[in-house]
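>>> kindly return the folded structure for what I paste below:
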Amino acid sequence: MTVIAFPNPRPARLAGQKGEAMDVILHLGAHRCATTTFQHYMRQNAARLARDGTGFWGPHRTRAGLFRGILPGPSIATGRDPRRRAVGRVRLNLTRSALSGTRRLLVSEENMLGSMRENLRQAALYPSAGERLARYGQAFDGQVTDVLLNIRSQDLWWASALGYGLARGFGLPSQVALDWIARNPRGWRDVITDVACALPGARIWVLPFEIFAGRPEAQLATVTGRPAPREHSRERLNPTPDLTVLRGLLPPALAAQLPKSEGRWTPFTPDQAAALREAYTDDLMWLAAGADGLAWLVDDLNKKSAGQTPPTPDLTRGKRNDQDRRLAGAG
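The predicted structure is shown next:
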């Protein structure tokens, strides 16, 4: 794991009745990165985690009015400022959580980063992430200490996103749209940079989907530094629909345009998929090199290094075998 220093000062943090400061952790997803599975895991273990001082706000709470008004949008004309009311509502709930003894509050809401519809319409990864998160950062009064962001290889992320859109009436993407997605220079590096600018001083933890998918307890332990329960950690929710499921959801005329094969739907041509994978590799290399001091790339917590003297497998051929044969024939 790359070690980065975060020198930006933070405002005084909320403290509970015992004077202990409360960490505020934003879990941003992203979409199609086992986020629903993580939220289900947190809900199922909420009571146990609360006894350890870990609180949880998920979509069941954030989408029930808590965040209404933070982002601009249509609203009923009441003469009141909806943004100001939303900020006050969030800060009041933060204070209540701190006074209840919560040491660390994890807020999981992937729509803070952006919406799937916006991504599909603009064929870009979270183009308004910076502006959106700046508004949420203001609502949280600069109390955000950590950010959890899941990333995924763009070819698979976009295939999953397009499958999601197809099941919800977006239709099949044209080859022009697919080529536009494959050639769009915006990648996870740009999203991470936007997050860092919007939430200065917060530690950004980047967890690759390829390592942490289906392991919500590992994600929680990473950011809290505390043991995480394993109960409900292997209950997978909201998977990407495969071709068989998609054909059953679509009208016959549209379903007939899908490939006749089974398994995952891969709408991209080999060249397009290769371009997206190359962009993801570049993003990972940037993260591994330190991400300009903006983020941590989290590696597999269970992976053990080989140590100073890596073992030599018995089946390895080369110099040692050649040397053995020379010694056997000497004299």
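>>> centroid residue for the protein?
Computing the C-alpha centroid of the chain and ranking residues by C-alpha atoms, centre = their mean puts residue 150 first, at 2.2 Å.
>>> any idea which element the nearest residue to that residue once chain neighbours are set aside lies in?
Spatial nearest neighbour of residue 150, chain neighbours left out: residue 33 (3.7 Å); criterion: C-beta to C-beta, 6 or more residues apart in numbering. Yep, even glycine has a C-beta here, placed from its N, CA and C like the rest. Taking DSSP states H and E as the definition, one finds residue 33 inside no helix or strand.
>>> contacts only, for the residue nearest to the centre of the chain.
28, 29, 30, 33, 34, 35, 206, 207, 208, 209, 212, 219 (C-beta atoms under 8 Å, 6 or more residues apart in numbering).
>>> then residue 25 would be within a helix, right?
No - using DSSP: H, G, I helix; E, B strand; the rest coil, the assignment for residue 25 is strand, not a helix.
>>> next SSE after the strand or helix carrying residue 211?
Using DSSP H and E, residue 211 sits in helix 209-212. Moving toward the C-terminus from helix 209-212, the first helix or strand encountered (DSSP H and E) is helix 216-224.
>>> was I right about residue 250 contacting residue 169?
No - using C-beta atoms under 8 Å, residue 250 is not in contact with residue 169, being 9.5 Å away.
>>> show me what the helix or strand harbouring residue 160 is in contact with.
Taking DSSP H and E as the criterion, residue 160 maps to helix 154-167. Contacts of helix 154-167 with the rest of the structure, by C-beta under 8 Å, 6+ apart, involve 30-33, 116-117, 119-120, 125, 152, 170-173, 181, 187-188, 209, 240-241, 245-246, 249-250, 264-268, 272-273, 276-277, 279-280.
>>> can you check stretch 264-274 too?
Contacts of stretch 264-274 (C-beta under 8 Å, 6+ apart): 155, 158-159, 162-163, 166, 172-173, 178-179, 181-182, 240-243, 246, 258-259, 276.
>>> averaged pLDDT, that stretch. What do you get?
Taken as a whole, stretch 264-274 has an average pLDDT of 95.
>>> could you list the buried residues of it?
Using 16 or more other C-beta atoms under 10 Å as the test for burial, stretch 264-274 gives 265, 266, 267, 268, 272, 273.
>>> strands of the chain, start to end?
Using DSSP state E, the strands of the chain run over 23-27, 54-57, 104-108, 144-151, 203-208, 296-297.
>>> pull up the pairing partners for the fifth one, direction included.
When you say that, I think you mean strand 203-208. In its sheet, strand 203-208 lies beside strand 144-151 (parallel), strand 296-297 (parallel), with partners assigned from DSSP bridges.
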